[in-house]
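> Fold the following and give me the result.
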Amino acid sequence: MSLIFNVSYQWPAPFKLYTIDIRNCSIGPSFPAWLQSQTELLTATLSNTNISDSIPEELFLKSCVQIEYLDLSYNRIHGRLPLQMTCPSLYHIDLSHNRFAGPFPLLSANLSLLNFESSLFSGLIPSQFGQLMPELRELYLSENQLNGTIPASMCNMTNLAILTLRTNQFYGEFPEAWSLWSNILVIDVGYNNLSGHIPISMGVPSSRAILKLNNNNFGGTFPSLIFENCTNLKSVDLGSNKFIGDLPSMMSQNCSSCGYDPTFSGGIYPNTCAVFPCFMS
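Numbers count the residues shown, from 1 in each chain. The predicted structure follows:
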């Protein structure tokens, strides 16, 4: 059975909702008036709803004060977000797979999940990012046009479990204070222009399961402590970098047990095809 909710664009809704959850239905291409009139929303999900509009300013002004959960993913929403969104209760925001552009906005200090993947955000991540969002656990910024260095303040986010910055234009060295990320599970910074050595502090014991540093300009020897201490490490991708020296013996042994036979060329890591699925016991 299908539910048809067929109203005109200007239909004045006779209700005030606390929750909206609409997925895989077409309500676009514009934000309808009945939605813009909702001033008491706590959670709003409009995922894959064929919206190709910009977010009405009225919607932000009326709903952002109390909204806690916002998911507008998989639409074609465009335009810029306010540089400072006044959403003090917001803990989850997913705007991924849209066409948002402009600089990176600052959000709620209570935010736990931020997903801006596959959009057109550009410019720098604010240097004070870590201090402004200390509760963040999941940060997805892959496939944008962000640049500059990765702010050192990110290391202040001690609850961070997932960090994906893949396919941007970041450069410079990765922050040194890896050891503060004791809860980290996923680090993916592939396809950027990062350089320098991998900090030894990265080898501090942690719950890290996935590490992707591929397609950058990292150099030097790779710290063997990473493979000795990260007992939950499941997948490592170091391909297309400038590491030198021998592959750490523990990594070589575990890669061999997974059916991967690393070959060496003049003592340099096989960085042209180096994808190492390392299952540690």
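
> Which residues are in contact with the most centrally placed residue in the chain?
The geometric centre of the chain, computed from its C-alpha atoms, lies nearest to Tyr140 (Cα atoms, centre = their mean), at 0.9 Å. Counting by Cβ atoms under 8 Å, 6 or more residues apart in numbering, Tyr140 makes contact with Ser96, Leu114, Asn115, Phe116, Glu117, Ile162, Thr164. The C-beta positions use only the backbone N, C-alpha and C, and glycine is treated the same way.

> Take those residues and write them to TSV, including secondary structure and pLDDT.
Formatted as TSV, the contacts of Tyr140 follow (DSSP: H, G, I helix; E, B strand; the rest coil; pLDDT from 0 to 100):
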residue	secondary structure	pLDDT
Ser96	coil	97
Leu114	strand	96
Asn115	strand	97
Phe116	coil	96
Glu117	coil	97
Ile162	strand	94
Thr164	strand	96
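
> With respect to Ser47, which of the residues you listed is nearest?
When the contacts of Tyr140 are compared for distance to Ser47 (Cβ to Cβ), Ser96 wins out at 9.5 Å.

> where's the closest one relative to Gly245, distance?
38 Å (Cβ to Cβ, to the nearest Å).

> looking at the contacts of Tyr140, which has the most residues close by?
Phe116 (25 neighbours; other Cβ atoms under 10 Å).

> ok, that residue - contacts?
So Phe116 contacts Leu95, Ser96, Phe100, Phe104, Tyr140, Leu141, Asn144 (Cβ under 8 Å, 6+ apart).

> In this structure the third one contacts Gly79, no?
Yes. With contact taken as Cβ atoms under 8 Å, Phe100 and Gly79 are classed as touching, separated by 6.9 Å.

> So for these two, which residue has more residues nearby?
Ranked by neighbour count (other Cβ under 10 Å), Phe100 and Gly79 place Phe100 first, with 21 against 14.

> That one is in what secondary structure piece?
Under the criterion of DSSP states H and E, Phe100 resides in strand 99-102.

> Can you tell me the strand partners of that strand and which way each runs?
Partners of strand 99-102 in the sheet, by DSSP bridges, are strand 78-80 (parallel), strand 120-124 (parallel).

> quick one: which of these has the weakest pLDDT on average?
In terms of average pLDDT, strand 78-80 trails the rest of these, at a mean of 91.

> on contacts alone, who are the packing partners of the next helix or strand after that strand?
Using DSSP H and E, the helix or strand that follows strand 78-80 towards the C-terminus is strand 92-94. Packed against strand 92-94, as judged by 3 or more Cβ pairs under 8 Å, 6 or more residues apart in numbering; DSSP states H and E, are the following elements: strand 69-71, strand 113-115.

> With distance to Phe5 as extra columns, can I get these in a markdown table?
What follows is the helices and strands packed on strand 92-94, written out as a markdown table (distance: least, Cβ to Cβ, whole Å):
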| stretch | distance to Phe5 |
| --- | --- |
| strand 69-71 | 19 |
| strand 113-115 | 27 |
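
> between these, which gets nearest to Lys234?
Going by Cβ to Cβ, the one of these nearest Lys234 is strand 113-115, 21.9 Å.

> and that closest one, which strands flank it?
Counting by DSSP bridges, the strands paired with strand 113-115 are strand 92-94 (parallel), strand 138-140 (parallel).

> Could you list the residues in contact with that strand?
Contacts of strand 113-115 (Cβ under 8 Å, 6+ apart): 73, 91-96, 107, 133, 136-141.

> Which one (most neighbours) among the residues you listed?
Result: Leu136 is most packed of the contacts of strand 113-115 (other Cβ under 10 Å), 27 neighbours.

> correct me, but it touches Ser108?
No. The pair Leu136 / Ser108 is not scored as a contact, 10.0 Å apart, by Cβ under 8 Å.
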